[in-house]
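A.B. asks: The following block contains a protein sequence and its predicted model.
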Amino acid sequence: MSSTSVALCGFVGGVGGLLTAWPAYRFSVAWGEPPRSTCATCGFSFTTWVRLKHRCAGCGTVSAVNPVWTALAGATSFALLAWALPVSFFLIACLFMALSGVLLSVVDLKVQRLPDPLVLVTFLGTAALLTLHAAVTGTWPQYARGWLGGGALLLAYLVFAVLPGAPMGLGDVKLAGVLGLVLGYAGWSSVFLGAILPFVVNGPFAVVALIRRGRKARSPFGPALLVAWLIVVVFAAHP
Ligand SMILES: [Zn+2]
């Protein structure tokens, strides 16, 4: 892709990232609770899902992650993907995954969970776009390998998750399965890298959490999964 197109794609990712900060705040609730509909401090009702400010309109309390960070994450991931991959539905699937990833990462960092509805929408969107890519390019064997790769990563992370002292939960297992769809489409070496690299990415954060909060500390694993996925897709996967 030309540098103008890469920059344009990065800009679109930046705008997309900017808009994820507010929904991420509303989805950052404890397990089993519906998305946040009022301010925890003043009770102000939230009526919209689109909002650029990260302070409550009622009381001014800082309510969400600063949208500058989500915009930067969106812009960086979109520009990297556009730089690495040719224009295709596979690229669009990766962009969709990346933007969902920004949303999921913020929620995971805030409340240490990956809400099922968000992971489900990410799965359905990614699967639909990969199916379109296979239909347009006729790469059905690679498409089938995508489902196998997704299944393999799901099973591998299920085994990791039940091991004592595992840093990940069932939300991470499901997300690994969705990421595996894309990695499997690219090839088995990508699936293998995508299984190992999250532990490398998570390593320094796990050590810091251990030092600061002791052995019982649980730190979110979703962002490590997503960052590792992005690295593999950008630098290793060429379907
Ligand atoms: Zn408020």
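C.D. replies: Yep, it's here.

A.B. asks: From here on, just use CA atoms for contacts and neighbour counts.
C.D. replies: Fine.

A.B. asks: looking just at contacts, which helices and strands does the lowest-mean-pLDDT helix or strand in the chain meet?
C.D. replies: Here the helix or strand of the chain ranked lowest by mean pLDDT, DSSP states H and E is helix 188-213, holding a mean of 88. Secondary-structure packing of helix 188-213 (3 or more C-alpha pairs under 8 Å, 6 or more residues apart in numbering; DSSP states H and E): helix 140-162, helix 170-186, helix 222-235.

A.B. asks: Next, the buried residues of the longest one.
C.D. replies: If you call a residue buried by 16 or more other C-alpha atoms under 10 Å, then helix 140-162 has these buried ones: 142-155, 157-158, 160-161.

A.B. asks: Pull the contacting residues for residue 90.
C.D. replies: Residues near residue 90 by C-alpha atoms under 8 Å, 6 or more residues apart in numbering: 129, 130, 133.

A.B. asks: Let's see that with 10 Å instead.
C.D. replies: Under the criterion of C-alpha atoms under 10 Å, 6 or more residues apart in numbering, the neighbours of residue 90 are 96, 126, 129, 130, 131, 132, 133, 134, 182, 185, 186, 239.

A.B. asks: Just the buried residues of the residues you listed.
C.D. replies: Buried members of the contacts of residue 90, counted by 16+ other C-alpha under 10 Å: 96, 126, 129, 130, 131, 132, 133, 134, 182, 185, 186.

A.B. asks: Can you lay out the residues you listed as a markdown table showing distance to the ion?
C.D. replies: Listed next are the buried ones among the contacts of residue 90 as a markdown table, based on distance: C-alpha to the ion, whole Å:
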| residue | distance to the ion |
| --- | --- |
| 96 | 32 |
| 126 | 35 |
| 129 | 39 |
| 130 | 41 |
| 131 | 43 |
| 132 | 44 |
| 133 | 45 |
| 134 | 47 |
| 182 | 40 |
| 185 | 45 |
| 186 | 46 |
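
A.B. asks: Could you export those as a markdown table, including pLDDT and secondary structure?
C.D. replies: Shown next, in a markdown table, are the buried ones among the contacts of residue 90 (pLDDT from 0 to 100; DSSP: H, G, I helix; E, B strand; the rest coil):
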| residue | pLDDT | secondary structure |
| --- | --- | --- |
| 96 | 98 | helix |
| 126 | 97 | helix |
| 129 | 98 | helix |
| 130 | 97 | helix |
| 131 | 98 | helix |
| 132 | 98 | helix |
| 133 | 97 | helix |
| 134 | 97 | helix |
| 182 | 97 | helix |
| 185 | 95 | helix |
| 186 | 93 | helix |
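
A.B. asks: confidence score at the nearest residue to residue 148 once chain neighbours are set aside?
C.D. replies: Among residues not flanking residue 148 along the chain, residue 184 sits closest, at 6.8 Å (C-alpha to C-alpha, 6 or more residues apart in numbering). At residue 184, the model reports a pLDDT of 96.

A.B. asks: what's the spacing between residue 205 and the ion?
C.D. replies: Going from residue 205 to the ion by C-alpha to the ion, to the nearest Å gives 32 Å.

A.B. asks: pretty sure that residue is touching residue 220, no?
C.D. replies: Yes: Residue 205 lies in contact with residue 220 (C-alpha atoms under 10 Å); the separation is 9.4 Å.

A.B. asks: out of these two, which sits in the more crowded spot?
C.D. replies: Neighbour count, other C-alpha atoms under 10 Å: between residue 205 and residue 220, residue 220 has more, with 24 against 15.

A.B. asks: Next one: the residue nearest to residue 148 from the ion, what distance?
C.D. replies: Distance from residue 184 to the ion, counting by C-alpha to the ion: 45 Å.
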